[in-house]
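K.L.:
Dropping the sequence and predicted coords here.
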Amino acid sequence: MSWTPERTAKLQEMWEGGSTASQIAEALGEVTRNAVIGKAHRLGLKSRPSPVKANDKKAAKKPVAAKPAPKKAAPKHAPKRPAADTSVAAQSAPPSDVSAAQTGEAGSDTSSAKSAAARVPASGSNSPQPMPNPSNALPKIVSVGPGGFLRQGPGDQQPPIPPAPPRRLVPAKPSPEMAEKTSLLELSDKVCRWPMGHPGEADFHFCGVNVNPGFPYCVEHCGRAYQAQLPRGARRPPPPLPFGGPRVR
DNA sequence: CCCTGATTCGC
DNA sequence: GCGAATCAGG
């Protein structure tokens, strides 16, 4: 696997977000921790609370790199790597699985609001957003779900990829605009668990609207989660992705 | 031991 | 440019 722009971007994002090289490597898949670190350095993004660098005397530290004295003069690269672990990265999970995917970490407080600063405040989680629905010529199949939600046909939804992609959650960064967003810890059986945004991002949160009784989502998102099935042959191809894939806001 | 990032250097 | 091997601190 090579470093595509997408993978590089994700690496950089996660690196700056405080994820460890191991986490990034696992998230990206098919790369080792070393590869991630190496790439990060080549990208110029280095340095970050590093355990090995806690020792800091301003500039006195003589970099170990200065080992012209070949203490081990012949570290000939011996390709001896079993490379045992071939763990395939997690696949896209249903929204309800988001909680499971992010119980992992809650430690470092790296308040980096710089990247998030330029973001446009997400639209209110409630209030029916007037999504431009391309009234298609195809017969629209709509049925009414148990809670009164309208089942959507395949390809009828706005973002083709609503459920959160596999990502690691970075500690929520407290910010004014996050005050009213429903965080993971605020989830309950009473509120909609539909993820808004992507885990790990500054403004990631959950819908939080009252649920459609008996469902994990509100009525609106039930319509997204439970879709009507088009008859065979009448299937529409999925709507084209904007660009770059799963990143719709 | 485990983990981490940093660095080197053959490819 | 890539990444395994290695180093070094926590």
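P.N.:
Structure received.

K.L.:
Show me chain A divided up by domain.
P.N.:
A:5-43, A:178-225 (the TED database).

K.L.:
Now the element after the worst-scoring helix or strand of chain A on mean pLDDT, going C-ward?
P.N.:
Across the helices and strands of chain A, the lowest-confidence element by mean pLDDT, DSSP states H and E is helix A:114-117, at a mean of 38. Downstream of helix A:114-117, the first helix or strand assigned by DSSP states H and E is strand A:195-196.

K.L.:
What are the contacting residues of the helix or strand following that next one?
P.N.:
For strand A:195-196, the following helix or strand on the C-terminal side (DSSP H and E) is strand A:205-206. Contacting residues not belonging to strand A:205-206 are listed as A:125, A:178, A:181-184, A:186-187, A:191-197 [C-beta atoms under 8 Å, 6 or more residues apart in numbering]. Heads up, the C-betas are built off the backbone N, CA and C, glycines and all.

K.L.:
Output the domains of chain A as a markdown table; include the columns mean neighbour count.
P.N.:
Below are the domains of chain A laid out as a markdown table (neighbours: other C-beta atoms under 10 Å):
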| stretch | mean neighbour count |
| --- | --- |
| domain A:5-43 | 18 |
| domain A:178-225 | 19 |
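
K.L.:
hey, least reliable of those by pLDDT?
P.N.:
Ranked on mean pLDDT, the bottom entry among the domains of chain A is domain A:178-225, at a mean of 78.

K.L.:
And DNA strand B, is that one touching that?
P.N.:
No: using C-beta under 7 Å from any atom of the strand, we find that domain A:178-225 stays clear of DNA strand B, coming within 14.8 Å at best.

K.L.:
and if you look at stretch A:23-42?
P.N.:
Yes: residues of stretch A:23-42 are located near DNA strand B by C-beta under 7 Å from any atom of the strand, namely A:23, A:33, A:34, A:37, A:38, A:40, A:41.

K.L.:
Residue A:215: which of those residues is nearest?
P.N.:
Among the residues of stretch A:23-42 next to DNA strand B, residue A:23 lies closest to residue A:215 (C-beta to C-beta), at 32.3 Å.
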